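Peer 1: A structural model of the following input is requested.
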Amino acid sequence: MKKSNSMMAGAGILALTGIIAKILSALYRIPLQNMVGNTGFYVYQQVYPIYGIGMVFALSGWPLFVSKVVSEQPDEEHAKFVVRRIGWLLVIISLIIFGALFFGASGLAVIMGGNVQLQPVIQSVSWMFLLMPILTITRGYSQGQLNMLPTSISQIVEQVVRVAIIVFFAAWAVEHNWSIYQMGTWTMAGAPIAAVVASILLLKQYRSIMTGDLGLIAKEQRPEFAWRHLLRRLLNEGGIVAMLAAMLVFFQLMDSVSLKNLLVAGGMGNALAEATKGVYDRGQPLVQLGMVVATSIGTALLPNLRGYVITKKFKDFKRDFSISVRISSVLAVSLTGGMIAVMPQLNQMLFGSRQGDLALMIYALAIIPATMIMVLAAALQSLDRTKGLMTIIFASMLLKFGLNWLLVPAFGIVGASWATIIGLLPIFGFVIYKIPRVFWQNLGLGVLELKVAGITLLMMASAFVAGHFGDFIFGVSRGASSLTLVGAIIVGAIVFVALLHVTKLLNQDEWAVFPKGDRLYQLLNEKRK
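Peer 2: The predicted model follows:
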């Protein structure tokens, strides 16, 4: 019982840390875009997927795998031995990735838009991969021992340091008239510098894991300690977790290597194509923020699922799975609808113009499938039913890439947004199919989705009318759009909550998942009486 409570507390700490880190990661890009403009933002975002993929592997994919391996061992000595072997495998993998990025940066820069000036930007971020073994091993080993603080503290410190460096050098670049590529190089340097700071925090623990005589265990010749076996598990088990967490980042990578070139092929000049890609990239922090809200509340019960599987409490599994799916779908649909309804005002308030409104509205639709994929994939991991998931993610990436080639020359960044939405659908369909049918029974999803759609459309209409009324009264300057946006959000929120209450869409257990949800449920029902 004590171990179970420790696991739940640890999962809560990690979840909270992850939410804070994701919010920081999304929010800093708004002042960054404001300082460096569309083209400067384009330079940063072209290379960002490389950082994003590496950080997901170092934060979630491989540390979770290491923690799993540690929990499988009979004692601390065996745990240290197997983790050391994984550590050396990670050193080799990190050196390969660093070498490919650093020495292949010129070729990658050409692929990412035909501009060799991106080379130092790519080389700048490549250094962070050399720190990946330290970050992965220490975080994973600590988590395996149910000690989540090293991961949480190092993750928050790393994000704060990186964001501070990015904002500082962006402001410095503007003040001293640096080129956008010089700005990109130094803002991307925030990633390896932050990784160094996090590694220093974890260095003492890393040394304790990697030093000391464990020769007797090496002589045991256990098959599960074989190098090939560990490498296979590292790539498969750790890879699935990382691929899921980095799913949208991989889609961004497909945009980095194709979108600007395809805009030029469609008739745009080089400079305009770069600025237009920068406008399109505004959608990424918006979708990320929407997903943070939807997944942080909707997945609050998911850490329990693995325990239910182990103890064969499938009735409890189905209850928490049902609540998570229903809450996540309600939040994802309503947040997406609300964001679309106020996109012109939101775009202008955050980024200073209403460029690309239609493309950003379509891009926002990604919140729905991406959120539900994360929820359902977490359930599949609890059930050990993730076979084939990595393959479908790779296939969807190729679909996204192919659709860019088909749609972007004709429809520009609107086509790229549709390519993202369509590209996510195979993964969405796959995770739905892999969930056992018994867990879908009696969820009432058909009725739920019809009600959610109706409520969301009415909420969108009210927010849309409030937004256009505000534009008419106050004007469309940035300050006026900010005032209008606040009013439209308040109107939409009131309508949404009122309709939730009237339609009885959520029951008391589902309201309880929200912060202060019990209190709100009681207030609404007291008024009804």
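Peer 1: quick one, strands of this structure?
Peer 2: Under the criterion DSSP state E, the chain contains no strands.
Peer 1: mind checking the longest helix of it?
Peer 2: Once the chain is assigned using DSSP state H, the helix that runs over the most residues is helix 445-474.
Peer 1: How far does it sit from its chain's centre?
Peer 2: The chain centre lies 26 Å from the centre of helix 445-474; the measure is C-alpha atoms, centre = their mean, to the nearest Å.
Peer 1: Dihedrals phi and psi, A366?
Peer 2: phi -60, psi -20 (degrees, to the nearest 10).
Peer 1: Check whether it really touches L248, as I assumed.
Peer 2: Yes - here A366 reaches L248: they are 7.1 Å apart, a contact under C-beta atoms under 8 Å. (C-beta placed from N, C-alpha, C; glycine too.)
Peer 1: which of those two has more neighbours?
Peer 2: More neighbours surround A366 than the other of A366 and L248, with 23 against 20 (other C-beta atoms under 10 Å).
Peer 1: one step back: anything in contact with each of A366 and L248?
Peer 2: V287 (C-beta atoms under 8 Å, 6 or more residues apart in numbering).
Peer 1: What mean pLDDT does the longest helix of the chain get?
Peer 2: Averaged across helix 445-474, pLDDT comes to 90.
Peer 1: Now do it: which elements does it pack against?
Peer 2: helix 314-341, helix 343-351, helix 478-503 (3 or more C-beta pairs under 8 Å, 6 or more residues apart in numbering; DSSP states H and E).
Peer 1: most packed of the ones you listed?
Peer 2: Greatest average neighbour count among the helices and strands packed on helix 445-474 goes to helix 343-351 (a mean of 23), per mean count of other C-beta atoms under 10 Å.
Peer 1: Next, the angle helix 314-341 makes with that one.
Peer 2: Going by axes from the mean of the first three to the mean of the last three C-alpha atoms, to 10 degrees, helix 343-351 is angled at 90 degrees with respect to helix 314-341.
Peer 1: name the helices or strands packed onto helix 343-351?
Peer 2: helix 29-56, helix 357-364, helix 445-474, helix 478-503.
Peer 1: please redo it, this time with the cut-off set to 10 Å
Peer 2: With contacts defined as 3 or more C-beta pairs under 10 Å, 6 or more residues apart in numbering; DSSP states H and E, the packing partners of helix 343-351 are helix 29-56, helix 270-280, helix 283-298, helix 314-341, helix 357-364, helix 445-474, helix 478-503.
Peer 1: can you count the residues close to the nearest residue to K313 once chain neighbours are set aside?
Peer 2: Distances taken as C-beta to C-beta, 6 or more residues apart in numbering put G307 closest to K313, at 7.9 Å, once the chain neighbours are dropped. Neighbourhood size, G307 [other C-beta under 10 Å]: 15.
Peer 1: Look at G307 and report its pLDDT.
Peer 2: 70.
Peer 1: That one touches F317, doesn't it?
Peer 2: Yes - counting by C-beta atoms under 10 Å, G307 touches F317, with 9.1 Å between them.
Peer 1: Residues that sit against both of those two, list them.
Peer 2: S382 (C-beta atoms under 10 Å, 6 or more residues apart in numbering).
Peer 1: got the contact list for the closest residue to Q33 other than its chain neighbours?
Peer 2: Nearest non-adjacent residue to Q33, counting by C-beta to C-beta, 6+ apart: F41, 4.3 Å away. Taking C-beta under 10 Å, 6+ apart, we find F41 in contact with 29, 32-35, 48, 170, 180, 184, 274-275, 277-282, 351.
Peer 1: Buried members of those residues into PyMOL, please.
Peer 2: Typed into PyMOL, the next command selects the buried ones out of these (criterion: 16 or more other C-beta atoms under 10 Å):
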select buried, resi 29+32+33+35+48+170+180+184+274+275+277+278+279+280+281+282+351
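Peer 1: just the helices in the stretch 51-200 of the chain please.
Peer 2: 62-72, 76-103, 105-111, 119-126, 132-144, 149-175, 180-188, 190-210 (DSSP state H, counting those that start in this stretch).
Peer 1: Would you reformat those as a markdown table and include mean pLDDT and distance to Q288?
Peer 2: Below are these laid out as a markdown table (pLDDT from 0 to 100; distance: least, C-beta to C-beta, whole Å):
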| stretch | mean pLDDT | distance to Q288 |
| --- | --- | --- |
| helix 62-72 | 79 | 21 |
| helix 76-103 | 88 | 24 |
| helix 105-111 | 87 | 24 |
| helix 119-126 | 89 | 19 |
| helix 132-144 | 85 | 22 |
| helix 149-175 | 86 | 13 |
| helix 180-188 | 89 | 18 |
| helix 190-210 | 88 | 17 |
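Peer 1: out of those, nearest to G467?
Peer 2: Closest of those to G467 is helix 149-175, at 29.7 Å (criterion: C-beta to C-beta).
Peer 1: Just the buried positions in that closest one, please.
Peer 2: 150-152, 154-156, 158-159, 161-163, 165-167, 169-170, 173.
Peer 1: Determine the angle, from 0 to 180 degrees, between it and helix 180-188.
Peer 2: For helix 149-175 against helix 180-188, the angle by the same axes, to 10 degrees is 160 degrees.
Peer 1: name the helices or strands packed onto helix 149-175?
Peer 2: Helix 149-175 is packed against helix 2-27, helix 29-56, helix 62-72, helix 132-144, helix 180-188, helix 190-210, with contacts defined by 3+ C-beta pairs under 10 Å, 6+ apart.
Peer 1: Please name the residues that touch F103.
Peer 2: Contacts of F103 (C-beta under 10 Å, 6+ apart): 123, 126.
Peer 1: nope, F65 is what I was after
Peer 2: Applying C-beta under 10 Å, 6+ apart, the residues contacting F65 are 57, 86, 136, 140, 144, 230, 233-242.
Peer 1: From what I see, S208 and T138 are in contact.
Peer 2: Yes - because the distance of 9.3 Å satisfies C-beta under 10 Å, S208 is recorded as touching T138.
Peer 1: Model confidence for Q221, exactly?
Peer 2: pLDDT, read off for Q221, is 66.
Peer 1: typo on my end, G338
Peer 2: 92.
Peer 1: Ignoring the adjacent residues along the chain, who's closest to it?
Peer 2: In space, G338 is closest to G492, 5.5 Å off (C-beta to C-beta, 6+ apart).
Peer 1: Show me which of S208 and T138 is the more surrounded one.
Peer 2: Between S208 and T138, counting by other C-beta under 10 Å, T138 is the more crowded of the two (29 against 12).
Peer 1: S353 - how many residues pack around it?
Peer 2: With other C-beta under 10 Å as criterion, S353 counts 13.
Peer 1: Could you give the backbone dihedrals for it?
Peer 2: According to degrees, to the nearest 10, S353 has phi -160, psi 170.
Peer 1: contacting residues for the closest residue to N236 other than its chain neighbours?
Peer 2: Spatially, and ignoring its direct neighbours in sequence, N236 is nearest to M390 (7.6 Å; C-beta to C-beta, 6+ apart). By C-beta under 10 Å, 6+ apart, M390 lies in contact with 235-236, 239-240, 242-244.
Peer 1: how about a cut-off of 8 Å?
Peer 2: Listed by C-beta under 8 Å, 6+ apart, the contact set of M390 reads 236, 239-240, 243.
Peer 1: With F474 instead?
Peer 2: F474 touches 480, 483-484, counting by C-beta under 8 Å, 6+ apart.
Peer 1: any weak-confidence spans in the stretch 251-400 of the chain?
Peer 2: Counting by pLDDT under 70, the stretch 251-400 of the chain contains low-confidence ranges at 297-304, 306.
Peer 1: Quick one, which of the helices and strands packed on helix 445-474 gets closest to S124.
Peer 2: Here helix 343-351 is closest among the helices and strands packed on helix 445-474 (C-beta to C-beta), at 24.7 Å.
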